[in-house]
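[1] coordinates only, no sequence provided:
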């Protein structure tokens, strides 16, 4: 059941990813290490040396440090599946639209390697996906769990 929904949403997912790639820096979503140099304290002898020589090279940094550019972000996708959202089977229901939006967001976050979780709620909450899981991993069956969960009978407040 999920495959036809993903096929329908594929252009929206691609459009979302393309828009974000235009505004975010290149290679920001890859795990990379880049280098920069810094001083822990000001070396007063360098200031004196610069005053005498006027050579800016005296300020070249001496210590090499590494910093990661991995996005450090977590997100939770929350879907209301109460009766007021309608039935998933109804094409115009708010629940169906919420699930579509959640799938688009999930696939986009997954593309950018951002950790996220998915929770559904009515009178109680149900965690569909944990932060450690991968949405598209075939072994976890998260998309199928999501669809099965929204198809549950709803007689809640």
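    Yep, that arrived. Because the structure is predicted, anything quoted here is derived from the model rather than measured. Numbering: from 1, shown residues only.
[2] any regions of the chain where pLDDT drops low?
    1-2, 25-44, 47, 58-72, 153-157 (pLDDT under 70).
[3] ranges for the strands of the protein?
    Assigned by DSSP state E, the chain shows strands spanning 33-38, 63-68, 74-80, 115-121, 125-129.
[4] longest helix in the chain, by residue count?
    Assignment by DSSP state H gives helix 2-23 as the longest helix of the chain.
[5] from the chain's centre, how far out does it sit?
    Relative to its chain's centre, helix 2-23 lies at 14 Å (CA atoms, centre = their mean, to the nearest Å).
[6] helices or strands up against it?
    Counting contacts by 3 or more CB pairs under 8 Å, 6 or more residues apart in numbering; DSSP states H and E, helix 2-23 is packed against helix 94-111, helix 142-150. Glycine gets a C-beta too; all of them are placed from N, C-alpha and C.
[7] any chance of those in CSV, with distance to residue 86 and mean neighbour count too?
    Below are those laid out as CSV (distance: least, CB to CB, whole Å; neighbours: other CB atoms under 10 Å):
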stretch, distance to residue 86, mean neighbour count
helix 94-111, 5, 18
helix 142-150, 11, 19
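[8] quick one: closest of the ones you listed to residue 18.
    helix 94-111 (10.2 Å; CB to CB).
[9] would you turn the helices and strands packed on helix 2-23 into CSV with distance to residue 125?
    Putting the helices and strands packed on helix 2-23 into CSV (distance: least, CB to CB, whole Å) gives the following:
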stretch, distance to residue 125
helix 94-111, 15
helix 142-150, 11
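[10] so who does the closest residue to residue 150 other than its chain neighbours touch?
    Take residue 150 and drop its neighbours on the chain: the residue closest to it by CB to CB, 6 or more residues apart in numbering is residue 88, 4.6 Å away. Contact analysis of residue 88 by CB atoms under 8 Å, 6 or more residues apart in numbering lists 95, 96, 99, 147, 150, 151.
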